[in-house]
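1. No sequence on hand, only this structure:
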Ligand code: HEC
């Protein structure tokens, strides 16, 4: 589990690099950010599942900006405030994953 987490983090460096590159900062909407960034860890047993837990949007936004141990922090240049608010709302109101 531990080793797997590390491998996933190394893989995620690619995700982060993509998010930081000039044209990749243009996500279409919050759903796309979730699909292409958050889901990479949060539906792969690297990070805890986020959906269906009614996590407060404010809390989600804070964790994404501050990071927390293996959870990387994202800057506004990577995910801007409006998109982050959308992602947070989406997570807050999402139903539990069907699978699992
Ligand atoms: C590189 C993998 C990775 C990516 C990408 C990632 N996370 Fe995380 N996230 C984690 C891990 C690991 C944790 C658990 C941190 C801890 O508690 O040690 C976490 C924790 C969280 C938490 C706290 C969950 C809880 O149970 O309290 C939230 C909220 C969160 N992430 C939101 C997001 C959002 C939103 C995105 C997309 C913008 C995202 N994360 C992208 C790895 C990731």
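-> The structure has been received and is ready for your questions. As the structure is a computational prediction, the values presented were derived from the model and not from experiment.
2. what's downstream of the least confident helix or strand in the chain by mean pLDDT, the next helix or strand?
-> Within the chain, no helix or strand scores below helix 2-20, which has a mean of 52 by mean pLDDT, DSSP states H and E. Per DSSP states H and E, helix 2-20 leads on to helix 30-33 as the next helix or strand towards the C-terminus.
3. After that next one, which helix or strand is next?
-> Sequence-wise, the next helix or strand downstream of helix 30-33 (DSSP H and E) is helix 39-42.
4. Against which helices or strands is the helix or strand following that next one packed?
-> Moving toward the C-terminus from helix 39-42, the next helix or strand (DSSP H and E) is helix 57-66. Here helix 57-66 touches helix 81-93, going by 3 or more CB pairs under 8 Å, 6 or more residues apart in numbering; DSSP states H and E. Glycine gets a C-beta too; all of them are placed from N, C-alpha and C.
5. Contacts (any at all) between the ligand and the helix it packs on?
-> Yes. Using CB under 6 Å from any ligand atom, helix 81-93 reaches the ligand at residue 87.
6. got the angle between that helix and helix 57-66?
-> 130 degrees (axes from the mean of the first three to the mean of the last three CA atoms, to 10 degrees).
7. Please work out which residues outside helix 81-93 touch it.
-> Helix 81-93 has contacts (CB atoms under 8 Å, 6 or more residues apart in numbering) with 27, 29-31, 33-34, 38, 50-51, 54-58, 60-61, 64-65, 74, 76, 79.
8. Quickly note the distance from the residue nearest the centre of the chain to the ligand.
-> When the chain is reduced to its mean C-alpha position, the closest residue under CA atoms, centre = their mean turns out to be residue 38, at 2.5 Å. According to CB to the nearest ligand atom, to the nearest Å, residue 38 and the ligand sit 3 Å apart.
9. cool, and residue 31?
-> Plainly put, residue 31 is 12 Å away from the ligand if you go by CB to the nearest ligand atom.
10. Tell me how many other residues surround that residue.
-> 12 (other CB atoms under 10 Å).
11. quick one: pLDDT of the residue nearest to it when sequence neighbours are not counted?
-> Using CB to CB, 6 or more residues apart in numbering and skipping residues adjacent in sequence, the residue nearest residue 31 is residue 90, 6.2 Å away. The score at residue 90 is 96. That number is its pLDDT.
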